[in-house]
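Chemist: here are the coordinates; sequence isn't available:
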């Protein structure tokens, strides 16, 4: 199998830029990162199809090895459609996030913060049980 | 014509149902009827397939008449048939619950018109992922169910859901991307993406390359299955979704990841090269998950952490990878889908009756609604693994398998499994003590609905007595039934299914044991797809 060095370099650049953008807090950049990584993955699939050949239309007398491997192209087409749908949806929720709070950042989970801040002492679990000296609790002073 | 030839219907019927419900988007009653009918018929077909599976063995359906390994095949064996039946039964109950919620109050928390088509597409994606014998088709199945889940997760578009949805979507897309990259690399290494063909051809690949491909797939599925340390997205995103949606996500989506991991470990990369790594991962998933659950006070978040923790048990069985271990893992998956979903549905009912899912603000629910108490108690004890429930039987099988293996690491894992089970019991007991047993007046800042009672002191059936107050969820609205039969009914059904897994444990364990043997043998799968003698 031959390797097309241009495709490999292009893929590496896409992945590097994509991962860099993905690590940002701004949602628009995260989305751009995902798009770049998606394209990088597609180029990787293309690279696996090996050397180009004749277009995969049946012509009698052509040896099977002379055709281009068309399966990776079918995979790429499917992957492109999926990336397209996900991108559209992401744009939708980024816009919604902007409408709701004028925020384009990844937000912290408030419940996470609350749990992290809570005291390790919990009244319900850790309080001493009040010693009850009366024989019949009902007859003692009201609690 | 045998029953397994019906397999494509398990995917096609929900898709058709989705199309029809999309057309009927303005007729909510017709929508409900269509989606419930579709799922019932699908379930019926799958039950027929499951009953025929032990006799028929592994069977492959060639879509479009293409000969494998060129076309896409759907493969029905005992494992996939069992997963299909359990997942459809659970999704049908959740659908009825969601429809019941919508009928009971028709407010913003009930399913909006887009719910039904999206939900059916989710089910189609799950069925496709369980059935497919083609790695790229598995990717497509994952994308179908994930895209549907993005929509369900952000239903209504409120600020918390959008916040959680962003995390969820980004993490899922990254994991799918890793999967896609792994597929490209596997295709580059072997020139095929048919799983049976891969099972034969991957053996000829250089072992170092094999390891890279193997780990790439495991990381991608590990994110979807929420295996530690790839699990942090789950407790952040699941709890904000509407109750029925969280329930079906918790039951099904992570298990599809586990299912894919099982297929990778048994079919594509057999052998025990990374079993020690998997054991460590399983141990950490169980312990870190359950310790996280101990710190939570919101029941939905708490259950999300127990979900992560119990994924560890399935990885435990997978890592042992003997017939006994794998069989117990298969049984545990079936048990866990049912129990975890019923717990989330009950939490939806608790939230409705008590006004909140925060245990600090709840109290006295066992007296206010004994039915709710029973519905929570049974699956909670089942999850913790109290005998004689199915949770106990599954864990017992795993522990037996661990002891049978007898390596130091497997003994550590057995101990970890027991500790996790006890901690699960502690977590469930905390919820029980606070939300159900203590007096409602001990609750901190309780919702008015919790303290309100009728004039004669008996507990409320509807929200009629709190609608007159100025504040609260029900202020100024028409009174609604607090625990309508259309919501408790499906919950009771699902809890009963969890108990049925205990009653039917004998045949079910035999089935999962057979399924495990089938998977470990590999030849039935390969021969069903490629024809006899292909694995020579």
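Modeler: That came in fine, so what should we check first? Here the structure is a predicted model, which is why all the values come from computation and not from measurement. Numbers count the residues shown, from 1 in each chain, chains lettered A, B, ... in the order given.
Chemist: how many residues are close by the residue of chain A found nearest chain B?
Modeler: Closest residue of chain A to chain B, Cβ to the nearest Cβ: residue A:48 (3.7 Å). Yep, even glycine has a C-beta here, placed from its N, CA and C like the rest. The tally of other residues near residue A:48 (other Cβ atoms under 10 Å in any protein chain shown) stands at 21.
Chemist: and it, what is it in contact with?
Modeler: By Cβ atoms under 8 Å, 6 or more residues apart in numbering or on different chains, residue A:48 lies in contact with A:72, B:184-185, B:187-188.
Chemist: quick check, residue A:56 in a helix?
Modeler: No: counting by DSSP: H, G, I helix; E, B strand; the rest coil, residue A:56 is not found in a helix; it is coil.
Chemist: shouldn't it be in contact with residue A:68?
Modeler: Yes: if you go by Cβ atoms under 8 Å, residue A:56 and residue A:68 touch, sitting 5.8 Å apart.
Chemist: so which residues on chain A come close to chain B?
Modeler: Applying Cβ under 8 Å from any Cβ of the partner chain, we find that chain A lies next to chain B at A:1, A:22, A:27, A:30, A:34, A:37-38, A:41, A:44-45, A:47-48, A:71-72, A:75, A:78-79, A:82, A:85-86, A:89-90, A:93-94, A:96-97, A:100-101, A:106-107, A:109, A:111-112, A:115, A:118, A:124-125.
Chemist: chain A contacts on the stretch 201-350 of chain B?
Modeler: Contacts of the stretch 201-350 of chain B with chain A, taken as Cβ under 8 Å from any Cβ, map to B:236, B:239, B:295-298, B:301.
Chemist: mark which of those residues are buried, thanks.
Modeler: B:236, B:239, B:296-298, B:301 (16 or more other Cβ atoms under 10 Å in any protein chain shown).
Chemist: distance of the residue positioned nearest the centre of chain A from residue B:66?
Modeler: By Cα atoms, centre = their mean, chain A has its centre lying nearest to residue A:34, at 7.8 Å. Here residue A:34 is placed at a distance of 33 Å from residue B:66 (Cβ to Cβ, to the nearest Å).
Chemist: make JSON lines out of the residues of the stretch 201-350 of chain B next to chain A and add secondary structure and pLDDT.
Modeler: Rendered in JSON lines, the data for these read as follows (DSSP: H, G, I helix; E, B strand; the rest coil; pLDDT from 0 to 100):
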{"residue": "B:236", "secondary structure": "helix", "pLDDT": "83"}
{"residue": "B:239", "secondary structure": "helix", "pLDDT": "84"}
{"residue": "B:295", "secondary structure": "coil", "pLDDT": "84"}
{"residue": "B:296", "secondary structure": "coil", "pLDDT": "84"}
{"residue": "B:297", "secondary structure": "coil", "pLDDT": "83"}
{"residue": "B:298", "secondary structure": "strand", "pLDDT": "86"}
{"residue": "B:301", "secondary structure": "helix", "pLDDT": "89"}
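Chemist: buried ones in the lengthiest helix in chain A?
Modeler: Secondary structure of chain A per DSSP state H: the longest helix is helix A:71-101. Buried residues in helix A:71-101, counted by 16+ other Cβ under 10 Å: A:71-72, A:75-76, A:78-79, A:82-83, A:86-87, A:89-90, A:92-94, A:96-97.
Chemist: stretch B:369-386 too?
Modeler: B:369, B:372-373, B:375-385.
Chemist: on that earlier part again, for the residue of chain A closest to chain B, which non-adjacent residue is spatially closest?
Modeler: Nearest non-adjacent residue to residue A:48, counting by Cβ to Cβ, 6 or more residues apart in numbering or on different chains: residue B:188, 3.7 Å away.
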